[in-house]
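A.B. asks: have a look at this prediction, sequence included:
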Amino acid sequence: MSWELYDALIDGISPNATVDRIICGATRTLVRSGESIGMAGTLEDTWRANMMPEKDVGMPLRELAQCIKSWEYTEAGIGLAAINAWYNTKDKLRRLGLEVSDSASVEDRAADPFITMQRDIKGKTVTVIGHFPYIDQLFAPVCDMRIIEKFSPKDGDYPEQAAEYLLPESDYVFISSYTLAEKTLPRYLELSQNAVVTLVGPATPVAPVLHGFGVRNIAGFAIKDADALERMILTSCGNTHKTGQKVNLRLGAFGEMRETA
């Protein structure tokens, strides 16, 4: 399997952007580049939180983004945060037609695919990769739902090996953005060619190039209070979702982009 999807994301980053700050917290990783900030999950492995060497500050953002190809999860998370620092800025999202409010808090249910797509999935076969909060209440009553969860499986969840069997027979597939860092996303997309695919989660790069790899809906997160987010990551206190808002870049039935925010 090639690195084509990853290279497409990395190649879209300006060679002139540089890294100003890297923080690996207990559950979230952050990268700042000028006024831009990107976030990803901190996945446990042999690395220790907050131990990214200072020599990486000042390096090209595109070079740091190459870490997404690392097989060490924490390093890969840093690469994903670097990618998000480029794509998920308020200005870039607005140029895509997404409405990103300047308000500290905003009602963003209209950009939550687990809420807005309940009518679409009614009676359909749906596979969700990642056991998202409230997914059982939102999806289970209206569709034939199967959940694949690797890290914290609950009763009834499937192991990741089940993707080979469940995804090809699904009408809709919702994939957590942590699969980018895990390197499993390209295979999941291959298996989901007959489904409507949504890539979802606060670490999702809102990059239109993903549409070319079979992602119909790109449901990510716009960070609006970078300083508050940084404090929360450093202290492991607070709700990081309150530092921004959800956004959803959708591809219509005939290939045109449709946006919700």
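C.D. replies: Good, I have the coordinates.

A.B. asks: going forward, measure contacts and count neighbours with C-alpha atoms only.
C.D. replies: OK.

A.B. asks: which residues touch the spatially most central residue of the chain?
C.D. replies: Central residue of the chain (CA atoms, centre = their mean): Thr204, 2.0 Å from the mean position. By CA atoms under 8 Å, 6 or more residues apart in numbering, Thr204 lies in contact with Asn84, Ser177, Ile218, Ala219, Gly220, Phe221.

A.B. asks: what about Val31, how many residues nearby?
C.D. replies: 31 (other CA atoms under 10 Å).

A.B. asks: helix, strand or coil for it?
C.D. replies: Of the three states, Val31 takes strand under DSSP: H, G, I helix; E, B strand; the rest coil.

A.B. asks: same question, Arg187
C.D. replies: Taken by three-state DSSP, the conformation at Arg187 corresponds to helix.

A.B. asks: do you know the pLDDT at it?
C.D. replies: pLDDT, Arg187: 97.

A.B. asks: do the same with Asp45
C.D. replies: pLDDT recorded at Asp45 is 53.

A.B. asks: do Ala104 as well
C.D. replies: For Ala104, pLDDT reads 61.

A.B. asks: with the one 10 residues further on instead?
C.D. replies: In this prediction, Phe114 carries a pLDDT score of 95.

A.B. asks: A helix includes it, no?
C.D. replies: Yes. Per three-state DSSP, Phe114 lies within a helix segment.

A.B. asks: give me the number of residues near it?
C.D. replies: Number of residues near Phe114 (other CA under 10 Å) recorded here: 18.

A.B. asks: quick check: closest non-adjacent residue to it.
C.D. replies: If the residues on either side of it in the chain are set aside, Phe114 comes closest to Leu138, at 6.7 Å by CA to CA, 6 or more residues apart in numbering.

A.B. asks: again with Asp171
C.D. replies: Ala195 (4.6 Å).

A.B. asks: quick check, that neighbour in contact with Phe174.
C.D. replies: No. Taking contacts as CA atoms under 8 Å, Ala195 lies outside contact range of Phe174: 9.7 Å.

A.B. asks: still on that earlier bit, quick check: the residue nearest to Phe114 touching Ile115?
C.D. replies: Yes. Leu138 sits in contact with Ile115 when judged by CA under 8 Å, with a separation of 7.0 Å.

A.B. asks: and the residue nearest to the centre of the chain, which of the three is it?
C.D. replies: coil.

A.B. asks: phi, psi of it?
C.D. replies: Here is the backbone geometry of Thr204 (degrees, to the nearest 10): phi -80, psi 120.

A.B. asks: so it versus Glu164, what's the distance?
C.D. replies: Distance, Thr204 to Glu164, by CA to CA, to the nearest Å: 23 Å.
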